[in-house]
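>>> Sequence first, predicted coordinates after that:
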Amino acid sequence: MAHYLVTGGAGFIGSTIVDELRRRKEKVSVLDNYLTGQRENLDDARDKITIFEADIRNLESIRACFAGVDYVVHLAALPSVPRSVADPITSNAVNVDGTLNVLVAARDARVKRVVFSGSSSVYGDNPTLPRVETHCPQPLSPYALTKLAGEYYCQVFHCLYGLETVVLRYFNIFGPRQDPDSPYTGVLSIFTAAYLRRQTPTIFGDGEQSRDFTYVENAVEATLQACVAPHAAGKTINVGAGGHQTLNETIRLFNKIFGYDVRPQYAPPREGDVKHSFADISRAREWLDYHPRVGFEEGLRKTIEWHRSLNTG
Ligand code: UD1
């Protein structure tokens, strides 16, 4: 049994990782300050894990969480491009200073490896598609820049201190537990909530922007592989589904699934928004033996079911 510390473990991706680790009978600790994470995401696991309520912006308050830990899955972050445009200082404090603190604490506690949740946003509008890890980053938003800084810190800690780090560039992860009530949540969560409430979804821009929407179970699989894969240390690896949908296409799929036609309203594009995003996942296949199992439509149906269960249960 290995000991995993999941920072941001009360969040959408983090709590899904906690549940999978529990299913695999691993020892689990969670570090979260519940700024964006939800206590109820840990309801099933609560009695069987250790939960530290602390803030990664305060190094001394988090050191104790790392004692005896083998693997750190570092997901604690402030997501959202528009949030970072509105308040770059806080995004930087959590995502950059916080990540540095996690790396220092992990180094000092001699953990075996840290897996960092990077982001596809670092590619920005680099015109070459699909995105390959060797492409030059072109961050367009403070959020993207914070995630790129986190990557570089991971690499420096690997080279300088010998701390094993793996950077995963997540591509638009979606699924159950992605907060339906936050204005900064992912677009598929927003659209699902709109359909269930019979409200008109808003598309920012012409709807022809595309994303490699990746179901959360696929990301969990890749992340846990990254903790133990022998050749992953020091690497930066895309975690996507390897496909892409435009927002207009997703609306057509929503219409099919819900069985009625909705016409979205269109609004000006968001500042800092990327036009196209689509992952080359060759490295993930090679180094993580990663094969996304849940396709886009299947994942979307599961996500919608979860939203429905919230409304009925
Ligand atoms: C970005 C990253 C993603 C990261 C996420 C964290 C890219 C390509 N992706 O996601 O990897 O996990 O930040 O927050 O940078 N939109 C609408 N209507 C809405 C809401 C959003 O049209 O009501 C549009 C946005 O303008 C955007 C697309 O939907 O074009 C996706 O937005 P969102 O789900 O917020 O994710 P990204 O910003 O793409």
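All right, it came through fine. Numbering: from 1, shown residues only.

>>> Can you report how many residues neighbour P180?
18 (other Cβ atoms under 10 Å). Glycine gets a C-beta too; all of them are placed from N, C-alpha and C.

>>> Show the contacting residues for it.
189-190, 192-193, 307, 310 (Cβ atoms under 8 Å, 6 or more residues apart in numbering).

>>> I'd like the residues you listed laid out as a markdown table, including secondary structure, distance to the ligand and neighbour count.
Listed next are the contacts of P180 as a markdown table, based on DSSP: H, G, I helix; E, B strand; the rest coil; distance: Cβ to the nearest ligand atom, whole Å; neighbours: other Cβ atoms under 10 Å:
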| residue | secondary structure | distance to the ligand | neighbour count |
| --- | --- | --- | --- |
| S189 | helix | 8 | 22 |
| I190 | helix | 4 | 18 |
| T192 | helix | 11 | 25 |
| A193 | helix | 10 | 17 |
| H307 | helix | 15 | 18 |
| L310 | helix | 19 | 13 |
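
>>> so which two of these are the farthest from each other?
With Cβ to Cβ as the measure, no two of those lie farther apart than I190 and L310, at 14.4 Å.

>>> returning to that earlier point: just put the contacts of P180 in JSON lines and tack on pLDDT.
Formatted as JSON lines, these follow (pLDDT from 0 to 100):
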{"residue": "S189", "pLDDT": "97"}
{"residue": "I190", "pLDDT": "97"}
{"residue": "T192", "pLDDT": "97"}
{"residue": "A193", "pLDDT": "95"}
{"residue": "H307", "pLDDT": "96"}
{"residue": "L310", "pLDDT": "88"}
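
>>> what's the closest of the residues you listed to E133?
Nearest to E133 among the contacts of P180, with distances taken as Cβ to Cβ, is S189, at 27.3 Å.

>>> before we move on, the earlier item: out of the contacts of P180, flag the one nearest to P82.
Of all the contacts of P180, I190 has the smallest distance to P82: 11.8 Å, by Cβ to Cβ.
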